[in-house]
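> Next comes the sequence, and after it the predicted model I'd like to discuss.
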Amino acid sequence: MGRSFIGMFFVFTLGLSTLVGAAPLPAGSAADAGFSEARLARIDAHMNAAVAAGEMVGGMGLIARDGKVIYRSHWGVANRETGQPLNDETIFRWYSMSKPITSAALMMLHEEGRFALNDPIAKYLPELANLEVARSTADSALAIFSDGTQTRTVGTGDASLEGQRRPPSTRQPTIHDLLRHTAGLGYGPFGRTEVDALYREAGFPSFPGDLKTFVETLGTLPLQYDPGTKWHYSVAVAVQGRLIEVLTGQRFGAFLEERLFGPLGMDTAGFRVAPENLDRFAELYAPKGVSPKGFGERPSEAGLVVASPRISKGYIEGTPLESGGIGMVGTADEYLKFAQMMLNEGTLDGTRFLGPKTVKLMTQNHLGEVPMGLGRRGHGFGLGVSVVIDPPHTETVSSLGEYGWGGAAGTTFWVDPQENIVGVFMVQSLPHLTRLKDEFKVLTYQALMESRAP
């Protein structure tokens, strides 16, 4: 990717003289970092068995403590059909692991005074003004019409509701709502509500147009919930990308390249795999007999097949929609740099991207009494990341204040400030129906012999 110089203001405030990327994290000794090398070997045994069993074609894991990589391993291959090896240079689809990067980018602008968290979105994106609320919600099959008296059972896209008036929302969504998934927006592919049907008809979350057109179309659709009342996973992060464009006058991808990817040395990160890097792009697989949107489906038989080439077309040919929610690609080491920057409270290799108080703000629970969804017991949600607020109720090994997120193809990362640990796990099958990313985390902590948790 090309590099550019940033404005003198940012040169001064960020301490950059040139956009020379941060160096890779150095390697360290597992034993010196308090890990058992013999127990770390259990990870390879487990993952190699998963490859042999056909649960994954290939994957990669990284563990860093105190800013040094103490575990690095690859399993299987990047492309079973061609024999393409999987190594440190392999490029993966990050899918929803794009989201924390987008939110961090937006918070860089918050630090510059470009917006307040409680600003209505419509202050900057007027096409999202005066949004209405759907008659049906994901919680009920009852449609409550605006007169409050009529009800009707609602199926997907119930045609009997056409022409009925929708009530206005009790308040308009704010930027804070966008960052914590309480804006009332929907997603489309996975639900069976009125709003999900309308999103699918509009082509969401994938979309043929750019971010501007995406948001303009979104403004014609109803909200799933009143803002602030529910945590609902949504297209909110794509809207954050458009907000960055309006606030800066830059294309979203260009802003990321200038302010994050370039200075962090994330050379292949972006929304498209450069032609010269296509031989490094991992193949995408799918469980046999399961559709690309078949999360929760049972596969018809064991094993993985090559996913439809249509799914990866935008990554190879390019797409006008630079979706900060699902659209980024890059290597495992590149994502590790971003995660380590967050663990370092906003800095890496002497370059500051965010202030320590901003990172702490992002990585605290912002939901209050509103429960998080997706079955994430023991978790709250911050600004772009899930946050562990009750470790025992996560029903797995975790630390209070740990944060992170995952992607639809089975990738994940987490940051554990108590233990000063970052974990990154990469695999490529969609929809991902294994527990490999959770098992990688459990296997990481069973090898930790020197805990620093209080």
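Thanks, I have it.

> List the single closest residue to residue 236 in space, sequence neighbours excluded.
With sequence-adjacent residues excluded and distances taken as C-beta to C-beta, 6 or more residues apart in numbering, residue 236 is closest to residue 178, at 4.5 Å. From N, CA and C alone the C-beta is placed, and that goes for glycine too.

> I'd like the distance between the one you found and residue 131.
Shown here: residue 178 relative to residue 131, a distance of 13 Å by C-beta to C-beta, to the nearest Å.

> rewinding a little: what helix or strand is the residue nearest to residue 236 on?
Secondary-structure element containing residue 178, defined by DSSP states H and E: helix 175-180.

> State the mean pLDDT of that helix.
Taken as a whole, helix 175-180 has a mean pLDDT of 98.

> Output the contacting helices and strands for that helix.
helix 98-111, helix 236-248 (3 or more C-beta pairs under 8 Å, 6 or more residues apart in numbering; DSSP states H and E).

> Around residue 417, how many other residues sit close by?
If you count neighbours by other C-beta atoms under 10 Å, residue 417 ends up with 19.

> same deal with residue 66?
Applying the criterion other C-beta under 10 Å, we find 13 residues in the vicinity of residue 66.

> Next one: it, what pLDDT does it get?
In this prediction, residue 66 carries a pLDDT score of 98.

> Please enumerate the strands of the stretch 101-250 of the chain.
In chain order, the stretch 101-250 of the chain shows strands spanning 142-144, 151-153, with DSSP state E, counting those that start in this stretch as the criterion.

> What ranges does this protein have for its helices?
Listed from the start of the chain, the chain has helices (DSSP state H) covering 8-14, 37-52, 98-111, 175-180, 194-202, 211-218, 236-248, 252-256, 262-264, 309-317, 332-343, 356-362, 436-446.

> May I have the third one as PDB, with CA atoms only?
Included here for helix 98-111 are C-alpha records, laid out as PDB according to Å, rounded to 0.1, in the frame of the first residue of the first chain:
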ATOM      1  CA  SER A  98     -13.000  -4.900  11.500                       C
ATOM      2  CA  LYS A  99     -15.400  -3.300  14.000                       C
ATOM      3  CA  PRO A 100     -13.000  -2.400  16.900                       C
ATOM      4  CA  ILE A 101     -10.600  -0.800  14.400                       C
ATOM      5  CA  THR A 102     -13.400   1.400  13.000                       C
ATOM      6  CA  SER A 103     -14.500   2.500  16.500                       C
ATOM      7  CA  ALA A 104     -10.900   3.300  17.500                       C
ATOM      8  CA  ALA A 105     -10.600   5.400  14.400                       C
ATOM      9  CA  LEU A 106     -13.800   7.300  15.200                       C
ATOM     10  CA  MET A 107     -12.600   7.900  18.800                       C
ATOM     11  CA  MET A 108      -9.400   9.500  17.400                       C
ATOM     12  CA  LEU A 109     -11.700  12.200  16.000                       C
ATOM     13  CA  HIS A 110     -13.600  12.500  19.300                       C
ATOM     14  CA  GLU A 111     -10.200  13.300  20.900                       C
END
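
> tell me what that helix is packed against?
Taking 3+ C-beta pairs under 8 Å, 6+ apart as the contact cut, helix 98-111 packs with helix 175-180, helix 236-248, helix 252-256, helix 332-343, helix 356-362, strand 403-406.

> Which among these is found nearest to residue 385?
Comparing those against residue 385 with C-beta to C-beta, the closest turns out to be strand 403-406 (4.3 Å).

> Determine how far the closest one lies from the middle of the whole chain.
The gap between the average C-alpha position of strand 403-406 and the chain average comes to 8 Å, counting by C-alpha atoms, centre = their mean, to the nearest Å.

> so how many other residues sit close to the residue nearest to residue 236?
Using other C-beta under 10 Å, residue 178 is surrounded by 28 other residues.

> That one and residue 122 touch, don't they?
No: if you go by C-beta atoms under 8 Å, residue 178 and residue 122 don't touch, sitting 11.6 Å apart.

> Would you map the strands across the stretch 351-454 of the chain?
In the stretch 351-454 of the chain, strands defined by DSSP E, counting those that start in this stretch lie at 351-352, 379-381, 386-388, 403-406, 412-416, 421-427, listed in chain order.

> and residue 249, which of those strands is closest to it?
Among these, if distance is taken as C-beta to C-beta, the winner is strand 351-352, at 23.3 Å.

> helices or strands next to the closest one in the packing?
In terms of contact count using 3+ C-beta pairs under 8 Å, 6+ apart, strand 351-352 is assigned no packing partners among helices or strands.

> partners of that strand in the sheet?
strand 347-348 (antiparallel) (DSSP bridges).

> Run through who's touching the strand it pairs with.
For strand 347-348, the surrounding residues in contact (C-beta atoms under 8 Å, 6 or more residues apart in numbering) are 22, 264, 337, 340-341, 353.

> Repeat that for stretch 360-368.
Around stretch 360-368, the neighbours that count as contacts under C-beta under 8 Å, 6+ apart are 103-104, 107, 176, 179-180, 182, 231, 342, 345, 354, 380-385, 387, 389, 401, 403, 415, 417.
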